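Student: Build me a structure from this.
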Amino acid sequence: MASSGDGMILEDPQVKWAEWDSGLASWQLCVLSLPWAPDPAVPAVSPAGDRGKAEREGAGPPSSRLAAPRDTANFHPELCLYTLGNLIVESEAVRRQLLPQGIVPALAACIQSPHMAVLEALGYALSQLLQANEAPEKIIPSILGSAIPQHVLRLLQPGPKLSPGVAVEFAWCLHYIICSQVNNALLITHGALSTLGLLLLDLAAAVQRTEDAGLELVGEEDRSRSGGPFFTLCPSSGVLVAPSFLHLTLNFSLQLACPVLRCLSNLLTEAAVEAVGGQIQFGDERVVAALFILLQFFLQKQPSLLPEGLWLLNNLTANSPSFCTSLLSLDLIEPLLQLLPVSNVVSVLVLTVLCNVAEKGPAYCQRLWPGPLLLSLLDTLAFSDTEVVGQSLELLQLLFLYQPEAAQAFLQQSGLQALERHEEEAQLQHRVRALRETALHG
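Tutor: Model (predicted):
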């Protein structure tokens with residue numbers, strides 16, 4: 001592969017997918033296929049959103065061959081790509097032959113198509129390839145060595161050209177690459193954190209257009225006129241300013257949110273994050289506000305996504321006093337506590353985030369106190385789930401350590417009686433006794 005002077009990746013002339021602007025009149029990509037009927041019709045394909053495989057009918061025994069369409073004027077590459085994706089799921093033998101037959105440079109050429117239908121189909125096929133058991137060792141290193149990652153990030157850039165269907169497919173592709181942990185530092189140097197962070201803000205703004213999420217997003221007419229940042233925080237109101245060209249529907253926002261949140265959460269655990277100068281670089285308050293807009297949206301529309309958002313919030317606050325400060329300055333502790341009754345999984349994540357804040361020291365605990373925190377923690381001590389109770393005990397221990405008034409209030413609110421029910425639980429005995437000692441004697 002070669003690069004032009006302005007950084008555009010040029011396709012390999014020996015693996016050229018098609019002359020896109022001439023209506024796909026000719027193509028030179030060799031595609032691995034299985035034999036169909038003697039006079040094959042267009043095969044059945046999976047929809048782009050289907051993460052699994054479609055049923056194939058009329059397929060013969062798997063004797064692979066290189067095939068080209070008989071009539072290029074009627075050739076639809078997206079159908080070919082969906083079929084290829086289905087074959088990838090079904091057959092390790094197919095996957096073994098794809099690499100030596102040049103599938104990676106072929107996909108790298110195809111991903112430069114201007115046609116959204118082709119790109120969406122390509123995302124589906126690529127996502128199937130990336131989910132193969134052997135992908136981390138045999139496939140993803142080749143993908144990372146090509147121009148594909150840069151193009152994936154380009155297709156996830158927010159803006160009027162963002163195609164929701166394409167973005168969903170390639171967000172999942174990026175998720176599978178990141179989960180492989182083959183070379184996440186490379187993705188970070190390519191700007192993955194910035195791209196995903198902007199996409200997170202875009203998702204929150206799309207939600208805010210139609211949902212009252214409490215933290216207002218205000219449209220900005222044209223980023224280029226002022227030359228200012230893409231997103232800015234209004235100092236007077238503390239609201240998030242977002243561009244007016246957002247066009248994501250709520251349905252696609254839900255579909256896109258999960259892979260975007262997972263990608264960010266995983267990337268934030270990488271040591272390379274610090275090497276590129278920090279985490280998500282457009283203002284901690286904007287990111288936290290956007291995340292809470294999404295959390296409230298998930299609570300109303302799809303609670304199963306709440307752990308995804310809280311996982312990201314945990315990773316943001318774990319080692320960052322500035323994100324903890326944003327959580328406090330935006331008065332988001334009480335909205336966070338309101339999520340405790342949703343489920344045990346959600347409760348543990350909420351309490352872990354609060355522990356991240358409390359462990360930053362006395363100044364942070366002072367801002368956590370007073371408020372509804374103690375009553376919420378007394379309620380969680382009535383839970384039967386040992387993980388929820390254990391995390392509550394951890395948070396109380398931090399509060400007592402850094403904010404002695406909290407221990408006194410705990411005793412006055414019959415906190416010792418709340419601890420009694422857990423004194424005989426093997427997993428909690430030590431922490432219950434330690435907390436009792438701290439509350440009584442400091």
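
Student: if we look at stretch 298-305, which residues are touching it?
Tutor: Contact with stretch 298-305 is made by 211, 250, 254, 257-258, 261, 306, 308-309, 339, 342-343, 346, as judged by CB atoms under 8 Å, 6 or more residues apart in numbering. For the C-beta atoms, the positions are set from N, CA and C on the backbone; glycine is no exception.

Student: Helices of the stretch 51-200 of the chain, residue ranges please.
Tutor: 77-90, 92-98, 103-110, 116-130, 140-144, 148-155, 164-180, 184-189, 192-210 (DSSP state H, counting those that start in this stretch).

Student: hmm, back to that, buried only: go through the contacts of stretch 298-305 for me.
Tutor: Neighbour counting with 16 or more other CB atoms under 10 Å marks 211, 254, 257, 258, 261, 306, 308, 309, 339, 342, 343, 346 as buried within those.

Student: From residue 207, how far out is residue 296?
Tutor: 9 Å (CB to CB, to the nearest Å).

Student: ok, how many other residues are close to residue 417?
Tutor: For residue 417, the neighbour count with other CB atoms under 10 Å is 10.

Student: Okay, and it sits in which element?
Tutor: helix 415-420 (DSSP states H and E).

Student: For the helix or strand hosting residue 322, which outside residues touch it?
Tutor: Using DSSP H and E, residue 322 sits within helix 321-329. Around helix 321-329, the neighbours that count as contacts under CB under 8 Å, 6+ apart are 238, 279, 284-285, 287-288, 316-317, 333, 336, 353, 356-357, 360, 364, 367-368.

Student: mind running it again at 6 Å?
Tutor: Residues from elsewhere that reach helix 321-329 (CB atoms under 6 Å, 6 or more residues apart in numbering): 284, 285, 288, 316, 317, 357, 360, 367.

Student: Using CSV, write out the CA atom coordinates for it.
Tutor: Taking only C-alpha atoms (Å, rounded to 0.1, in the frame of the first residue of the first chain), the coordinates of helix 321-329 have been written out as CSV:
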residue,chain,number,x,y,z
PRO,A,321,-9.3,13.2,40.0
SER,A,322,-10.5,15.5,37.3
PHE,A,323,-13.3,13.2,36.2
CYS,A,324,-14.3,12.8,39.9
THR,A,325,-14.4,16.6,40.2
SER,A,326,-16.6,16.8,37.2
LEU,A,327,-19.0,14.3,38.7
LEU,A,328,-19.2,16.4,41.9
SER,A,329,-19.4,19.8,40.2
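
Student: I'd like the next helix or strand past that helix.
Tutor: Using DSSP H and E, the first helix or strand after helix 321-329 is helix 333-337.

Student: just checking, what packs against that following helix?
Tutor: Judged by 3 or more CB pairs under 6 Å, 6 or more residues apart in numbering; DSSP states H and E, helix 333-337 has no packing partners among the helices and strands.

Student: Point out where the protein drops to low pLDDT.
Tutor: Applying pLDDT under 70 to the chain flags the ranges 1-75, 211-248, 272, 274-283.

Student: residues of stretch 326-338 that come out buried?
Tutor: 326, 327, 328, 330, 332, 333, 335, 336, 337.

Student: Look up how far residue 186 lies from the fourth one.
Tutor: To residue 186, residue 330 is 34 Å away according to CB to CB.

Student: returning to what we had before: centre of the chain to the helix holding residue 322, how far?
Tutor: 21 Å (CA atoms, centre = their mean, to the nearest Å).

Student: could you pull out the strands for the protein?
Tutor: 2-3, 9-10, 31-33, 65-67, 217-220, 232-233, 240-243 (DSSP state E).

Student: got the contact list for the helix holding residue 417?
Tutor: When contacts are defined by CB under 6 Å, 6+ apart, helix 415-420 is touched by residues 378, 381, 432, 436.

Student: Equivalent analysis for stretch 255-263, please.
Tutor: 167-168, 171-172, 174-175, 178, 196, 199-200, 203, 308-309, 312.

Student: give me phi/psi at the residue nearest to residue 254 when sequence neighbours are not counted?
Tutor: Spatial nearest neighbour of residue 254, excluding adjacent residues (CB to CB, 6 or more residues apart in numbering): residue 302 at 5.7 Å. Main-chain torsions, residue 302, degrees, to the nearest 10: phi -150, psi 80.

Student: Residue 433 - how many residues pack around it?
Tutor: 12.

Student: So it versus residue 391, what's the distance?
Tutor: Between residue 433 and residue 391 the distance is 17 Å, computed by CB to CB.

Student: Next: residue 160.
Tutor: 44 Å.

Student: Just want to know which of the two has more residues nearby.
Tutor: Higher neighbour count among residue 160 and residue 391: residue 391, with 21 against 8, using other CB under 10 Å.

Student: My read is that the more buried one contacts residue 349, right?
Tutor: No - between residue 391 and residue 349 there is no contact under CB atoms under 6 Å: 9.0 Å.

Student: end-to-end on stretch 105-116?
Tutor: By CA to CA, to the nearest Å, the extent of stretch 105-116 from end to end equals 19 Å.

Student: List the buried residues for that stretch?
Tutor: Neighbour-count burial for stretch 105-116 [16+ other CB under 10 Å]: 105, 106, 107, 108, 109, 110, 111, 112, 113.

Student: again, but for stretch 124-139
Tutor: 124, 125, 126, 127, 128, 129, 130, 131, 132, 135, 136, 139.

Student: And stretch 87-105, by the same measure?
Tutor: Buried residues in stretch 87-105 (16+ other CB under 10 Å): 87, 88, 89, 90, 94, 95, 98, 102, 103, 104, 105.

Student: burial of residue 429, as a residue count?
Tutor: Around residue 429 there are 12 residues (other CB under 10 Å).

Student: what's the answer for the one 5 residues further on, then?
Tutor: Residues contacting residue 434 under the criterion other CB under 10 Å number 12.

Student: got it, and residue 418?
Tutor: Using other CB under 10 Å, residue 418 is surrounded by 19 other residues.
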